[in-house]
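Peer 1: Test case, fold it:
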Amino acid sequence: LISCNSPTINYIDKRKTSAEEFFYRNMYTIALGLDNLCIDLPPELGSDVNRYNATLGHKANHSFQPNAEIHPFLIHPILGKTNILLAVKDISAGSEVTVDYGYDANPQQPDWYIQQWDKFMEEK
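Peer 2: As a prediction, this is how the structure comes out:
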């Protein structure tokens with residue numbers, strides 16, 4: 001566990017790397033919702049459920065029309081207080097679980113997010 005504001009999480013010099021590289025390194029940082037603590041999983045660990053599966057909320061994809069939301073959970077047997085996903089509507093077996101990542105709509109976000117935002121706003 002580390003502080004969510006730790007230099008470890010924010011170690012990439014944003015002036016020298018793209019937003020994509022920054023988000024790639026930090027895509028499996030899991031906020032616990034407790035005293036600003038995070039689990040910092042390197043991408044090679046966070047992307048492999050055979051190596052890390054104490055929590056799987058980091059596997060939820062983004063959507064501007066999500067079928068789940070992030071909520072605090074107080075009694076995880078290993079982590080204690082953490083965040084969980086709760087369905088906001090029925091999710092059929094085999095369907096993707098999605099949450100709204102809550103990123104700001106600005107040019108510093110990864111390209112995939114900006115593309116989804118533009119598409120969402122066009123369809124609105």
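Peer 1: Tell me who's in contact with residue 51.
Peer 2: residue 45 (C-beta atoms under 8 Å, 6 or more residues apart in numbering). Where C-beta positions appear, they are placed from N, C-alpha and C, glycine not excepted.
Peer 1: What strand or helix carries it?
Peer 2: Assigned by DSSP states H and E, residue 51 belongs to no helix or strand.
Peer 1: longest helix in the chain, by residue count?
Peer 2: Determined from DSSP state H, the single longest helix within the chain is helix 111-123.
Peer 1: Near residue 103, how many other residues are there?
Peer 2: Here the number of neighbours of residue 103 (other C-beta atoms under 10 Å) works out to 15.
Peer 1: Quick one, grab the pLDDT at it.
Peer 2: Predicted confidence (pLDDT) for residue 103: 80.
Peer 1: State the distance from it to residue 52.
Peer 2: 23 Å (C-beta to C-beta, to the nearest Å).
Peer 1: for residue 120, same thing?
Peer 2: Between residue 120 and residue 52 the distance is 31 Å, computed by C-beta to C-beta.
Peer 1: out of these two, which sits in the busier spot?
Peer 2: Neighbour totals were compared for residue 120 and residue 52, and residue 52 leads with 18 against 13 (other C-beta under 10 Å).
Peer 1: doesn't residue 46 make contact with the more buried one?
Peer 2: Yes. Residue 52 is within contact range of residue 46, at 6.1 Å (criterion: C-beta atoms under 8 Å).
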